[in-house]
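Peer 1: Here is the input, now give the coordinates:
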Amino acid sequence: MKARADCFPCVLTQVRRSLDEWQANDEEKFEVMRQVSKSLENAKFGMKPTELSKLANETAKRATGIEDLYEQRKKALNESAQAIIKDVVRAAESSSNPLKVLATAAILGNHLDLGVNEVELDSEFLEILKEKKLKIDDFEVFFSKMKKAKNILYILDNTGEVVFDKAFSDKMKSIFDASFKFAVRSAPIINDVTETEALEVGFSKEEVIKSGSTLAGMDLKLASDEFMKAWKEADVIISKGQGNFEGLDEVHDERLFFFLEAKCPVIAKVLHVDVGDAVLANWK
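Peer 2: Residues are numbered from 1 along each chain as shown. Predicted coordinates:
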């Protein structure tokens, strides 16, 4: 999907948040934001939102000299999610459809996005999980395809939510006879999952692959050979989050399922849902 005018303030807010942990004075932070704002002069109509974000965030990295401006908050998000995941799994297992509840939890975990939301994780998550319904609900199509699948490619998104992805994937492994590959970003970008964070929450090194993308989302033009091998072999492809949707929504592939929360008006309009709606959508 193409970036809209509304994407500019969102990208600038991403960078402003990234400076919260940077030990610098107001003048230094002002200078970074000035450089970031100027970098957006290089934006061109037709760019994806993730490409717009990369322009701004790469400028911030160069200006501060810090590769991962979200490092501490990524750890904090994972720790917060891990503190409640046992309760989430317990609630799922006591339901009539544990797999769907864990799928929904993984989608709701997508709200834990420092690129879009100022977020905290607390006991309210379980209440939201009980009440939230999928606005687009292709779970039965997903389940049907999973029953026949041998190879699954799961494209991860943010820290925090990755803890719910792990619980969801563990449940899938207990039900379906399939091999999994979990794709991560190849370099830090906002609070997205890299290999470091994936391994920290329990994914095995053998299953984690670097996607090749250094954007806040997946773009097949940037894909590593390892990612493209997993893509070609996959019977089902799970794309988590807005950033991956922004990069893959124009890929015509019936194997592709989007798991996300619509967190901004641009995405909501494309999906014909409201902001805040949870979506499990097959591409077709």
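Peer 1: mind listing the helices for the stretch 101-250 of the chain?
Peer 2: For the stretch 101-250 of the chain, the helices defined by DSSP state H, counting those that start in this stretch occupy 124-131, 139-148, 161-175, 195-200, 225-233, 241-248.
Peer 1: any chance of those in a markdown table, plus mean neighbour count and mean pLDDT?
Peer 2: In short, each C-beta sits where N, CA and C put it, glycine included. Converted to a markdown table, the helices of the stretch 101-250 of the chain look like this (neighbours: other CB atoms under 10 Å; pLDDT from 0 to 100):
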| stretch | mean neighbour count | mean pLDDT |
| --- | --- | --- |
| helix 124-131 | 14 | 80 |
| helix 139-148 | 15 | 98 |
| helix 161-175 | 21 | 97 |
| helix 195-200 | 19 | 95 |
| helix 225-233 | 16 | 98 |
| helix 241-248 | 27 | 93 |
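Peer 1: Turn those helices into TSV, columns for distance to Val266.
Peer 2: Formatted as TSV, the helices of the stretch 101-250 of the chain follow (distance: least, CB to CB, whole Å):
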stretch	distance to Val266
helix 124-131	23
helix 139-148	25
helix 161-175	20
helix 195-200	27
helix 225-233	26
helix 241-248	9
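Peer 1: Are there helices or strands packed against the worst-scoring helix or strand of the chain on mean pLDDT, and which ones?
Peer 2: Ranked by mean pLDDT, DSSP states H and E, the weakest helix or strand in the chain is helix 124-131, scoring a mean of 80. Contacts defined by 3 or more CB pairs under 8 Å, 6 or more residues apart in numbering; DSSP states H and E place helix 124-131 against helix 71-93, helix 98-108.
Peer 1: what is the orientation angle of it with helix 161-175?
Peer 2: Orientation note: helix 124-131 sits at an angle of 50 degrees relative to helix 161-175 (axes from the mean of the first three to the mean of the last three CA atoms, to 10 degrees).
Peer 1: Using the three-state scheme, assign the residue lying closest to Phe142 once chain neighbours are set aside.
Peer 2: In this structure, Phe142 finds its nearest non-sequential neighbour in Phe257, 5.4 Å apart by CB to CB, 6 or more residues apart in numbering. With DSSP: H, G, I helix; E, B strand; the rest coil as the basis, Phe257 sits in strand.
Peer 1: Contacts only, for Phe257.
Peer 2: Phe257 sits next to 138, 142, 236-239, 280-283 when contact means CB atoms under 8 Å, 6 or more residues apart in numbering.
Peer 1: Make CSV out of these and add distance to Ile107.
Peer 2: Formatted as CSV, those follow (distance: CB to CB, whole Å):
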residue, distance to Ile107
Asp138, 12
Phe142, 12
Val236, 16
Ile237, 16
Ile238, 11
Ser239, 11
Leu280, 6
Ala281, 10
Asn282, 14
Trp283, 16
